[in-house]
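Engineer: sequence first, then the predicted structure, then my questions.
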Amino acid sequence: MPSPRPHRTIPHVGRYFRLILLFLRVSVQDDAAYRADFLLHSVIAFLQLGAELFGLWIIFSNTESLNGWDAWQMLALMGVFRVMSGVIGLGIAPNMRAMMEDVRSGTLDFVLLKPVNPQFYVSARRFVLWRGMDIVVGLVMAGTASVKLGTSVGVMQAALFLLMLGAGVVIIYSFWLALATLAFWLTRISNIEMVFWNVFEAGRYPVDIYRPWLRWLLTFFVPLAFLTTFPAGMLVGKGTPSGMLMGWLAAAVALTGATLFWRFGLRRYSGASA
């Protein structure tokens, strides 16, 4: 007897894609009501860029390299860091914070009643569009650094860079999903979130500058290296096939673990009516 499941896979993928487009359109409509706010945040993003470039200039006016990373390579790394910050601010953090609030207030009931995968819904229902400016600026920074380095970015190298960047996005999403899932047991997660941001700031610099034991921790225990250093390395000629393999292995493990933890927490959710 033929199974209907293969015939339903493509419609489901198309359905989720259409839902993402719908969520994006709603987010655009929400932000359009506050255009001055959008413009102000865009200006602030460029001011932050100026501050970052000034800080980079100060560092390399006193040294030629940071453990093998010269100024242009560091610019590429800072661009990747800015891309990751933009991805977090664009969709990951806003959705996870909304999910934590739903758990605390009991309004997660309305999410669970919707005819769609609840993990997908809580992960993609809201976008803060002005944070997309960080992604664009970060890509421009990384691209400019690649050109100045004289690196020939072919199709294969660009694909490897994007794949490594994708692995980093999966890892950071998995971390935030696990963090948000703690709301099923804890009432306040803001302190843990602050710890994350403080650790994430270390991603502005290559893990190569840290001591071996700390470098190991930032690669395998807190996989910060896969978020910034490894993707930037793929772009500036410091990447390796083993790094790519480790990055996607870490992404697969992180996503599987975070999803299982989310489902475990969901089974313990009592709802507002309990």
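Structural biologist: Right, received. Where do you want to start?
Engineer: how deep is Glu23 tucked in, by neighbour count?
Structural biologist: No, residue 23 isn't Glu; it's Phe. 17 (other C-beta atoms under 10 Å). (Glycine included, C-beta is placed from N, CA and C.)
Engineer: likewise the one 3 residues further on?
Structural biologist: Applying other C-beta under 10 Å, we find 13 other residues in the vicinity of Val26.
Engineer: now do the one 5 residues further on
Structural biologist: The local packing count at Asp31 equals 16, with neighbours defined by other C-beta under 10 Å.
Engineer: and it, which of the three is it?
Structural biologist: helix (DSSP: H, G, I helix; E, B strand; the rest coil).
Engineer: residues contacting Thr229?
Structural biologist: By C-beta atoms under 8 Å, 6 or more residues apart in numbering, the contact set of Thr229 is 77, 203, 206-208.
Engineer: give the buried subset of these as a ChimeraX selection command.
Structural biologist: Buried residues within these, by 16 or more other C-beta atoms under 10 Å, are selected in ChimeraX with:
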select :77,203,206,207
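Engineer: need the max-distance pair from the contacts of Thr229.
Structural biologist: Gly203 and Asp208 (12.7 Å; C-beta to C-beta).
Engineer: so where's the stretch 51-200 of the chain shaky on pLDDT?
Structural biologist: Applying pLDDT under 70 to the stretch 51-200 of the chain picks out residues 151-154.
Engineer: again, only using 90
Structural biologist: 51-68, 70-71, 101, 103-107, 109-116, 128-133, 143-161, 183-200 (pLDDT under 90).
Engineer: list the contacts for Ala167?
Structural biologist: Here Ala167 is in contact with 226, 230-231, 244, 247-248, 250-251 (criterion: C-beta under 8 Å, 6+ apart).
Engineer: most neighbours, which of these?
Structural biologist: Pro231 (32 neighbours).
Engineer: all strands of the protein, in order?
Structural biologist: Taking DSSP state E as the criterion, the chain contains no strands.
Engineer: tell me how many other residues crowd the residue nearest to Lys148 when sequence neighbours are not counted.
Structural biologist: Nearest residue to Lys148 in three dimensions, chain neighbours excluded: Trp72, at 4.7 Å (C-beta to C-beta, 6 or more residues apart in numbering). Counted with other C-beta under 10 Å, the neighbours of Trp72 add up to 19.
Engineer: who touches Trp72 in this structure?
Structural biologist: Trp72 touches 145, 148-149, 236, counting by C-beta under 8 Å, 6+ apart.
Engineer: also Arg267?
Structural biologist: Applying C-beta under 8 Å, 6+ apart, no residues qualify as near Arg267.
Engineer: next one, pLDDT for it please.
Structural biologist: With respect to pLDDT, Arg267 scores 88.
Engineer: pLDDT check: weakest of the contacts of Ala167?
Structural biologist: Met244 (87).
Engineer: hmm, it is touching Met164, no?
Structural biologist: Yes: using C-beta atoms under 8 Å, Met244 and Met164 qualify as a contacting pair, with a distance of 6.0 Å.
Engineer: can you list residues touching both of the two?
Structural biologist: With C-beta under 8 Å, 6+ apart, Met244 and Met164 have common neighbours 230, 234.
Engineer: I'd like the contacts of Trp72 as a markdown table, with neighbour count appended.
Structural biologist: Formatted as a markdown table, the contacts of Trp72 follow (neighbours: other C-beta atoms under 10 Å):
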| residue | neighbour count |
| --- | --- |
| Ala145 | 24 |
| Lys148 | 13 |
| Leu149 | 18 |
| Val236 | 23 |
